[in-house]
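Q: Fold the following for me, if possible:
(chains A and B)
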There are 2 protein chains.
Amino acid sequence: MRIVIDAMGSDRAPAVEVEGAMQAVEEFGYDLILVGDEGIVNDELKKQGQAVRGKISVVHAPEHIEMNEPAALSVRRKRKSSIVMGLEMLKREEADAFVSAGNTGAVVCAATLSLRLLPGIERPGIAICIPTLNGTSVIIDVGANIDPKPIHLLQYGIMADAYSRYILHKSNPTVGLLNVGEEEGKGTDFIKECHTMISESKLNFIGNIEGRDIYAGTADIILCDGFVGNVILKVSESVVDTILKLLKQEIRASVIATLGAALASTAFGELKKKMDYSEYGGAPLLGVDGRCIISHGSSSPKAIKNAIRVAGEFMTRGVNKHIVEEIESY
Amino acid sequence: MRIVIDAMGSDRAPAVEVEGAMQAVEEFGYDLILVGDEGIVNDELKKQGQAVRGKISVVHAPEHIEMNEPAALSVRRKRKSSIVMGLEMLKREEADAFVSAGNTGAVVCAATLSLRLLPGIERPGIAICIPTLNGTSVIIDVGANIDPKPIHLLQYGIMADAYSRYILHKSNPTVGLLNVGEEEGKGTDFIKECHTMISESKLNFIGNIEGRDIYAGTADIILCDGFVGNVILKVSESVVDTILKLLKQEIRASVIATLGAALASTAFGELKKKMDYSEYGGAPLLGVDGRCIISHGSSSPKAIKNAIRVAGEFMTRGVNKHIVEEIESY
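A: Numbering: from 1, shown residues only, chains lettered A, B, ... in the order given. As a prediction, this is how the structure comes out:
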């Protein structure tokens, strides 16, 4: 297993990527290729110790796509960036999977151009795992395609179904369509068309679900357009942050409460772990003819390590093969 | 001040509405009219004591629109429902404002039909106050209009600006457009058109904001379509519920943590108060030629009382007059 890691992607690159890669080598034994500014990456590797150096190689990418650069333009212009070069290595079959915590739009664009789409797939979608009261669910799409057609949502459902079966080990995952109400006939024309199309599919479709159902775990797979999915994800993170900040403010305001909080801290720790996105690793870009995992810009080393784990599982469990078989049956 | 309350709206109607109304009479001295099934409402009034009975009258509405009935159809068919009858009282100027915790779609539809829109306004929008790290912000629209045009979002901005100035006492409220990224040029064609139109307005426009900015309080007013707004609201509530549930589970799992939680409970209480939507009362339906406040189906008596307070403030501070003046200046 050879996995390429964009060493320049995250907010704290390349330190986080290097540390995550070193953890992944120890834990999974994969061969890893860090793509990025050779000097900077090698310095970081030296700084963090070279124990696992044999399993980690570095490929020099002189250019870098910044977080806020326009996706399509930067991918066209910066052919020597870590994102474009990393994905081109997959295309040339020099590696099996790609992980990046960089500019999501650029990764989606470069992956679609380099790897192309799986046969029958019209658009890629980013699938993300979220913790719910009922285990783990998958939301797709969280931002690859902000203006999709109904057929794209149906295909997201089919792809997330394969992902849920072969990576999350769910036997017959339920699929919900995110809407403003549960009743059939609710929503925009787009959503109504999606509802009709998905109803007629082989998916285990439970119909419309609402925003409140997401974290309740009502559905194993939540389908929405990339605009809504992106907003949901960022709002959810922000609600969690806000609650923790407010709680800290309140607790500091009282001595007894501070003592209480100290005693309750194990519970907080366990909770934080349950809510911790980094446990889930990255989000696969489903639909491209390759294995591309996108991580959060603020990823920790653990999140990078888990993204590498997911990339490996994606390969060994043949998720793309299952997607193609399923799409062909339609 | 005469305010009509839909006594049959909330999940625990009419008990919650009656209790909220009694609190409002005591606190604000308004004259209140409860519209609903006369027998049931009178029984509830008796049960809760008749001390303030003189300020509360009951109008009989033999029909009731259920939470999940299709909005337009139910409003057309159930002319004798509490929602339609209550709003018709406003139209006939028998009352100054209307409060309902019932079927939101039906309230929007009946209010638009009965009260009509303010001159120049093309669509109504539901504005909701949310707690942020930076005080209170307003999101509009959270579900009146799930498929708006750019001009509607501009008008939402103008209406929420008046609301923020005259109800929330903000002198020059900032306006953000909810998008998938901060950079200009991001988003769907719809969002790009909104951006151009709002940029050219007199609003204090700070440009695109992202999901994570909402609870950070980056903007005083957050503009989005009713589909996205509805999802945001329900997701946010669900994240809060999920965190509290997980925290309770974790805390029960350990004796020391339980003790700690007991000591920290004041902090939790203060936090809950800050996050408590019921403190803000209901959400005004902005744009209709009247005063219509929509409350959550799971409202507490306090939430109903505060919705009645907001209805009164809406009247005394002449919000609609300010909206019309502003719209006319365009």
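Q: Check which element follows the helix or strand of chain A with the lowest mean pLDDT along the chain.
A: For chain A, counting by mean pLDDT, DSSP states H and E, helix A:265-275 ranks last in confidence among helices and strands (a mean of 65). Counting by DSSP states H and E, the next helix or strand C-terminal to helix A:265-275 is strand A:283-286.
Q: May I have the residues that are in contact with the spatially closest residue to A:L233 that is not a sequence neighbour?
A: Residue nearest to A:L233 in three dimensions, not counting chain neighbours: A:V142, with 5.1 Å by Cβ to Cβ, 6 or more residues apart in numbering or on different chains. Heads up, the C-betas are built off the backbone N, CA and C, glycines and all. A:V142 makes contacts with A:126-128, A:226, A:229-230, A:232-233, A:283, as judged by Cβ atoms under 8 Å, 6 or more residues apart in numbering or on different chains.
Q: Out of those residues, the closest to chain B would be?
A: Using Cβ to the nearest Cβ, A:N230 is the member of the contacts of A:V142 that lies nearest chain B, at 4.5 Å.
Q: Check chain A and tell me which residue is nearest its centre.
A: Centroid-nearest residue in chain A: A:A283, 1.3 Å away (criterion: Cα atoms, centre = their mean).
Q: Test of understanding: give the bridge partners of the residue nearest to that residue when sequence neighbours are not counted.
A: Distances taken as Cβ to Cβ, 6+ apart put A:I128 closest to A:A283, at 4.1 Å, once the chain neighbours are dropped. Note on A:I128: beta-bridge partners by DSSP bridges are A:I139.
Q: pretty sure A:I128 contacts A:T136?
A: No. The pair A:I128 / A:T136 is not scored as a contact, 10.4 Å apart, by Cβ atoms under 8 Å.
Q: overlap in contacts of these two?
A: Common neighbours of A:I128 and A:T136, using Cβ under 8 Å, 6+ apart, are A:Y280.
Q: More neighbours: these two, which one.
A: Higher neighbour count among A:I128 and A:T136: A:I128, with 22 against 15, using other Cβ atoms under 10 Å in any protein chain shown.
Q: quick one: contacts for the closest residue to A:Y280 other than its chain neighbours?
A: Sequence neighbours aside, A:C129 is the residue nearest to A:Y280 in space, at 4.1 Å (criterion: Cβ to Cβ, 6+ apart). With contact set as Cβ under 8 Å, 6+ apart, A:C129 has these partners: A:136-138, A:168, A:280, A:283.
Q: What of A:R309?
A: Contact analysis of A:R309 by Cβ under 8 Å, 6+ apart lists A:24, A:27-28, A:281.
Q: Name the nearest of the residues you listed relative to chain B.
A: Using Cβ to the nearest Cβ, those come closest to chain B at A:G281, 20.6 Å.
Q: what's the spacing between the closest one and A:R309?
A: In this structure, A:G281 and A:R309 are 6 Å apart, going by Cβ to Cβ, to the nearest Å.
Q: Test for you: state the pLDDT assigned to A:T112.
A: pLDDT recorded at A:T112 is 97.
Q: number of nearby residues for it?
A: Close neighbours of A:T112, defined as other Cβ under 10 Å, add up to 20.
Q: what helix or strand does A:I130 sit in?
A: Here A:I130 is covered by strand A:125-132, with elements defined by DSSP H and E.
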